[in-house]
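**Student:** here is my input; please provide its structure:
(one chain, ligands or ions: 2)
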Amino acid sequence: MKPKKTGLFFGTFNPIHIGHLIIGNYMVEFSDLDEVWFVVTPHNPLKKKKTLLEDHHRLAMVRIAVEDFPKLRVSNVEFDLPQPNYTINTLVHLEEKYPNHTYCLIMGEDNLKSFPKWKNYNIILDRYPIYVYPRISNGNVDSQFYTSPDGGKKIYHEKIKMVDAPIIELSSTFIRKGIKSGKNIRPMLPAEVWKYLDEMNFYK
Ligand SMILES: Nc1ncnc2c1ncn2[C@@H]1O[C@H](COP(=O)(O)OP(=O)(O)OP(=O)(O)O)[C@@H](O)[C@H]1O
Ligand SMILES: O=C(O)c1ccc[n+]([C@@H]2O[C@H](COP(=O)([O-])O)[C@@H](O)[C@H]2O)c1
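**Tutor:** Ligands and ions are numbered 1, 2, ... in the order given. Coordinates of the predicted model:
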């Protein structure tokens, strides 16, 4: 059987919002990927855990968000791996567990900026293409992968594919703050995710 080309969209998803969904869906519809897995991360090694909802709630909301999209899947593979979750370890694990897939990474531009701080990022780059989705909130990306030697037109590492997709400037942080200050942020979340959050009184 031909291996499935699978995009791994790693994230904290605290909570998942329509920006995430638009990215996952765009990648699977407008690139060469067969499917996209939203891999819910218990603990990002570069983030503090304090404002984080419990893993199973974040997972439940991703599951609700993707259930009507057959090419989008949710994965809790990192729940049983050591924390904090280093992506290289998860990739090794996935290669063993699901050998009939070829993997690439999906990330927003903000994550590309911190990418050189990731464990074994050179090995990740060696082995996996990275599809990057544009994001502007953190200013111009100035990671080593972006700097053209002549300072002119941006050039990128050969494994990094910048995807020409619409920019949706929305973040989970914005949503959490909005809820805390009593704003109506309902259109920013899939309807059923908003319902879940609201019923559970999260982020208030
Ligand atoms: N609006 C967006 N546009 C492009 N990429 C995004 C967007 N929102 C999230 N991402 C990407 O999705 C992945 C998971 O992101 P994450 O769960 O941290 O969401 P976030 O909205 O950035 O959350 P937070 O505000 O809590 O940091 C990351 O690769 C991030 O870059
Ligand atoms: O492997 C690393 O060193 C590493 C460092 C920082 C972040 N990551 C991963 O990047 C993913 C995106 O995280 P986040 O919090 O921006 O959604 C998440 O799966 C993290 O575990 C991984």
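
**Student:** burial of L94, as a residue count?
**Tutor:** As a burial measure, L94 scores 19 neighbours (other Cβ atoms under 10 Å). Using the backbone N, CA and C atoms, a C-beta is placed for each residue, glycine as well.

**Student:** and the one 5 residues further on, by the same measure?
**Tutor:** Burial of P99, expressed as a neighbour count using other Cβ under 10 Å, amounts to 9.

**Student:** where's it relative to ligand 2, distance?
**Tutor:** According to Cβ to the nearest ligand atom, to the nearest Å, P99 and ligand 2 sit 22 Å apart.

**Student:** got the residues of the chain near ligand 2?
**Tutor:** 10-12, 41, 44-47, 85-88, 111, 118-119 (Cβ under 6 Å from any ligand atom).

**Student:** which one of those residues sits in the busiest neighbourhood?
**Tutor:** In the residues of the chain next to ligand 2, the most neighbours by other Cβ under 10 Å go to T41, 25 neighbours.

**Student:** so it makes contact with V77?
**Tutor:** No - look at T41 against V77 with Cβ atoms under 8 Å: they stay out of range, at 9.9 Å.

**Student:** right, and the helix or strand after the worst-scoring helix or strand of the chain on mean pLDDT?
**Tutor:** Each helix and strand of the chain was given a mean pLDDT (mean pLDDT, DSSP states H and E); the minimum falls on helix 109-114 at a mean of 83. As assigned by DSSP states H and E, the chain's next helix or strand after helix 109-114 is helix 121-127.

**Student:** in that following helix, what's buried?
**Tutor:** Y121, I124, L125, R127 (16 or more other Cβ atoms under 10 Å).

**Student:** now V163: how far from L53?
**Tutor:** Counting by Cβ to Cβ, to the nearest Å, the gap from V163 to L53 is 29 Å.

**Student:** compare these two (neighbour count), which wins?
**Tutor:** L53 (19 against 14).

**Student:** just read off the phi/psi values of the more buried one.
**Tutor:** Note on L53: its backbone torsions stand at phi -70, psi 160 [degrees, to the nearest 10].

**Student:** what do you get for the one 4 residues further on?
**Tutor:** For H57, the backbone dihedrals are phi -70, psi -40 (criterion: degrees, to the nearest 10).

**Student:** give the contact list for it.
**Tutor:** If you count contacts by Cβ atoms under 8 Å, 6 or more residues apart in numbering, H57 has them with M200, F202.

**Student:** then I175?
**Tutor:** I175 sits next to P15, H17, I185, M188, L189, Y203 when contact means Cβ under 8 Å, 6+ apart.

**Student:** unless I misread the structure, the first one falls within a helix.
**Tutor:** No - in this structure, P15 is coil, not part of a helix, as judged by DSSP: H, G, I helix; E, B strand; the rest coil.

**Student:** ok, and the closest non-adjacent residue to it?
**Tutor:** M61 (5.1 Å; Cβ to Cβ, 6 or more residues apart in numbering).

**Student:** before we move on, what about the last one?
**Tutor:** The spatial neighbour of Y203 that comes closest, neighbours along the chain excluded (Cβ to Cβ, 6+ apart), is I179 at 4.2 Å.
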